[in-house]
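In: predicted model follows, preceded by the sequence.
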Number of protein chains: 2
Amino acid sequence: MTRTVGQVRADVEEASRWLAGRVVRTPVLRSPVIDELAGARVLLKAENLQDGGSYKMRGALRAVGRLAAAGHTGVIAQSTGNHAVAVALAARKNGLAATVVLPVDAAPTKVDRARAAGARVVFAGTGVEERVAVANGLSDESGHPVIDAYDHPDVVAGQGTASLELIEDAERAGTPLDTLVVPVGGGGGVAGACLAAAGSAIEVYGVEPVGCDSLARSLAAGERVPVAPAPTIADGLRPSCVGELPFAIVRDTLRGVVRVDDEEIAAAFRLILTELKVLAEPSGAAGLAGALRLPPARDRQRTVGVVLTGGNVEAALVAQLMTPRSADLTGEGVAA
Amino acid sequence: MTRTVGQVRADVEEASRWLAGRVVRTPVLRSPVIDELAGARVLLKAENLQDGGSYKMRGALRAVGRLAAAGHTGVIAQSTGNHAVAVALAARKNGLAATVVLPVDAAPTKVDRARAAGARVVFAGTGVEERVAVANGLSDESGHPVIDAYDHPDVVAGQGTASLELIEDAERAGTPLDTLVVPVGGGGGVAGACLAAAGSAIEVYGVEPVGCDSLARSLAAGERVPVAPAPTIADGLRPSCVGELPFAIVRDTLRGVVRVDDEEIAAAFRLILTELKVLAEPSGAAGLAGALRLPPARDRQRTVGVVLTGGNVEAALVAQLMTPRSADLTGEGVAA
C-alpha cells in the first residue's frame, strides 16, 4: 500500500545511510523497573540525546541537505518548536538562511534555540493554519522553499531512520522488536516508523494525547479528520490534523492508536527521568505512556521499542512535573 | 610513584577488559552551550546511564566478582548510597548475599534501590566511622568480607575504567583529552582516574565541595587530613577523610583540586539536564562545576573530560533545583 504514496522502506534506508555520521547514533536505554511496569522488555531510543534535542534533526537535515545540493540558498519552516529548531540547525550546517515561523505561545527554550542557530524567527498566532499561511507568504516573497514539519517525503524518511536504528539495534542485541510505539503529532514520525517496519512482523502503534486524536479519528473514519486540539502538556502533539502524506502511509499499516492523558504522560516523564536518567519532553514521554497502556502478551515476554522523540523542555515544567504527587491513570485506552 | 602502593595502570586495563560486556559502555555527551561556558571542548562520560545509576557499579562488580571466584558466599558494604546499591546489585548478579550499612539520613531512593537488589539494609548513624564499625562487626559475625567504598584496590581499578573509556573514546574521536576532572568523595574515582591517565600528558583534577575538602587539605599538608564535612547537596562527596589507598595514589599524580559550592553544583546540574538532557545527581554534577572553574587555555582549545559519576537523585530535589533562580557563583577557587 505504501507504494501508492510513492514512499517505501528503501527511502528510509537511503536516508539512514546518508545521515550516518551526520546525526548522533543515539543509545537504546532500558530499565528493569520500566520492564516490570510494562510487562514487557522495553527498549527506548533516546532521541532526546540527538543534536538539537530531538529526532526532528533527522528529517530536517535530510530535507535541507537535498535542497542545498539542489542549489537553494534558504529555507522556511513552521512548527510548534522542535522542527523549527532542527531546520535552523540543519540550515546553518549547510550554509543556508533559515526563517522559522513559531506560535506566539512557543516554549521560550525552543525560540531561544532557533535564534541561537541563527534563524530569523517570525511569530504567527497559535494554530497551524496561521503559521502555514505566514510561511507560504514568506516563501512567495523570497523564493525559498517551505520544509513542512511532516507532509514532506524527506522529513518522513528522515524521522523513520530513528525507528530503523532501533529495529537494527534490537535485532543486534538478540531482542528483536515485536512492537514499536511512536508519539503522533502531524504523523511524520509514525509514518517513518511504519516505513521502517515494512516487510517485518513488527506492529506499529501511534500515541496521541486525549483530545488531540486526529489520527485515531481519521483511521476510524477512513479519511483525515481534523480536531480542535485539547490542552495538553505534550505541546508537540497538538496539530489539528494528521498530515496527508503520513495518513496515506499509516492508514493501512498502523496497528492502532493509544490515547494517553496528561497524568499518564507526566508519570512516564518521571519514570524516564528517575529510572533512565534522561530528560524527555512530555511529547517524547507520551510514547512510553502509550507503551505502558498496551496489554501485556500472555504467552511470552514481548519486546517493545519506543522512540523517545525529544528532550527540549522548560525548567519550570520539569520542576512542576517532579513535584511529587500521585499518578492518576484515567486515559481512554486503545483505539482503532 | 603509584608502583609504591602496588597499583598501576595495568590494573585498570585488566579491570576494563574484565568488565567489558558486564557493565554498560556509557556514551560520551557534548553540548555547544557547555563548550562555550567552559571555553573548552567538554566531553562528559555519562555514568549516570550505568547499571545501578552510577559508576560505582564498576568497582563493585570487579570486587564482588573476584570474591565470588574466590569462593565467598556473601559481602558487606557501607556507603552513603551508590556504593551500597552497586555492591547489592553486583552481589545479586554473582549469587552472593549482601548486607549494606547506610546512614540513617540516606536518600530514600538509594535505600529502595539497595533493597530492590535483595540486600539486607542496616542503618548506622550519619558518619563514616559509625558505619565502618557496624560493617566490621557484621563481618566478624558472618565471616563475609567488607568491600570498602574506596580503600580497596579492585574498587579503585574498577572506578578507573570509566576514565579509561573516556580517554579511549576521546582519542578515537580525534579529540584526545588534555584534562580529566572527577568529583572526590573518598577518592576512589579520582585515584582510578590518575591510574588511567598514568603515562599520558593528561592533567587530572579532583573536585570537592567547599567544606568537604579533605583531599585538598591532605595534599597541602602532605598527609591525610580529616574534616568535619560541611552540609552540601552533593551527598556522595561528604566523607570526613580521603581514603588511604586513594591518597597514596593521587598525592604525586593529581594536578590539583577545585572547590565548588552548592550554587555552582546546582548550576551544573541544570546545565546537564537542560543541555545534555540527562539527570546527574549533585555529586555527579560537581565534576562539571569544577571543569567550569578551570581557567581556559590561552593558546588553543583544550579538551576537558568529565566523569559524570551518577544520577540517583530524589524527585523533590530535582524539583527544587529546577525551580528557576539565579546561579550565584561564589566558590573558593582552585587549590593545590
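Out: In hand now; what should we look at?
In: model confidence at the residue in the stretch 151-300 of chain A that chain B sits nearest to, what's the number?
Out: Nearest to chain B, among the residues of the stretch 151-300 of chain A, is residue A:277, at 3.7 Å (Cβ to the nearest Cβ). In short, each C-beta sits where N, CA and C put it, glycine included. We have a pLDDT of 97 for residue A:277.
In: once you drop chain neighbours, what's closest to it?
Out: residue B:311 (3.7 Å; Cβ to Cβ, 6 or more residues apart in numbering or on different chains).
In: what are the phi and psi values for the one you found?
Out: For residue B:311, the backbone dihedrals (degrees, to the nearest 10) come out as phi -140, psi 20.
In: what sits against it?
Out: When contacts are counted by Cβ atoms under 8 Å, 6 or more residues apart in numbering or on different chains, residue B:311 touches A:277, B:48, B:49, B:53, B:54, B:278, B:279, B:280, B:281, B:284.
In: so which of those are in strands?
Out: Using DSSP state E, the subset of those located in strands is empty.
In: which strands and helices sit next to the helix or strand encompassing residue A:43?
Out: Element membership of residue A:43 [criterion: DSSP states H and E] is strand A:41-46. Applying 3 or more Cβ pairs under 8 Å, 6 or more residues apart in numbering or on different chains; DSSP states H and E, one finds that strand A:41-46 contacts strand A:28-29, helix A:32-38, helix A:153-172, helix A:282-291, strand A:303-308.
In: get me the contact residues on the stretch 1-150 of chain A for chain B.
Out: Contact residues, the stretch 1-150 of chain A versus chain B (Cβ under 8 Å from any Cβ of the partner chain): A:27, A:29, A:48, A:49, A:53, A:109.
In: report pLDDT for the last one.
Out: Note for residue A:109: predicted pLDDT of 81.
In: surely it and residue A:314 touch.
Out: Yes - Residue A:109 lies in contact with residue A:314 (Cβ atoms under 8 Å); the separation is 5.6 Å.
In: anything in contact with each of the two?
Out: Shared contacts of residue A:109 and residue A:314 (Cβ under 8 Å, 6+ apart): none.
In: re earlier: considering the contacts of residue B:311, which possesses the most neighbours?
Out: Sorting these by how many neighbours each has (other Cβ atoms under 10 Å in any protein chain shown) puts residue B:284 first, at 35 neighbours.
In: so for residue A:66, what's the nearest residue that isn't a sequence neighbour?
Out: Using Cβ to Cβ, 6+ apart, the nearest residue to residue A:66 is residue A:154, at 5.9 Å.
In: related to what we said a few turns ago, which ones among the contacts of residue B:311 map onto helices?
Out: residue B:284 (DSSP state H).
In: with distance to residue B:143 added, can I get the contacts of residue B:311 in TSV?
Out: Converted to TSV, the contacts of residue B:311 look like this (distance: Cβ to Cβ, whole Å):
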residue	distance to residue B:143
A:277	36
B:48	35
B:49	36
B:53	30
B:54	28
B:278	41
B:279	39
B:280	38
B:281	34
B:284	35
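In: does residue A:232 sit in a helix, a strand or a coil?
Out: When classified by DSSP: H, G, I helix; E, B strand; the rest coil, residue A:232 comes out as coil.
In: tell me the bridge partners for the residue nearest to it when sequence neighbours are not counted.
Out: Excluding the flanking residues, the one nearest residue A:232 by Cβ to Cβ, 6+ apart is residue A:209, at 4.0 Å. Beta-bridge pairing of residue A:209 under DSSP bridges involves residue A:260.
In: which residues does residue A:209 contact?
Out: Per Cβ under 8 Å, 6+ apart, neighbours of residue A:209: A:230, A:232, A:234, A:237, A:238, A:259, A:260, A:261, A:262, A:265, A:286.
In: can you check residue A:215 too?
Out: A:184, A:187, A:190, A:206, A:208, A:242, A:247, A:250, A:257.
In: all helices of the stretch 51-200 of chain A, in order?
Out: Listed in chain order, the helices of the stretch 51-200 of chain A (DSSP state H, counting those that start in this stretch) span A:56-69, A:82-93, A:108-116, A:128-142, A:153-172, A:188-197.
In: right, and the ones you listed - which one's nearest residue A:44?
Out: helix A:153-172 (8.6 Å; Cβ to Cβ).
In: quick one: list the elements packing against that closest one.
Out: The contact analysis (3+ Cβ pairs under 8 Å, 6+ apart) places helix A:153-172 against helix A:9-19, strand A:28-29, strand A:41-46, helix A:56-69, strand A:179-183, helix A:188-197, helix A:244-250, strand A:303-308.
In: quick one on the thing from earlier: how about the helices and strands packed on strand A:41-46 in a markdown table, adding mean pLDDT?
Out: Converted to a markdown table, the helices and strands packed on strand A:41-46 look like this (pLDDT from 0 to 100):
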| stretch | mean pLDDT |
| --- | --- |
| strand A:28-29 | 97 |
| helix A:32-38 | 94 |
| helix A:153-172 | 98 |
| helix A:282-291 | 97 |
| strand A:303-308 | 98 |
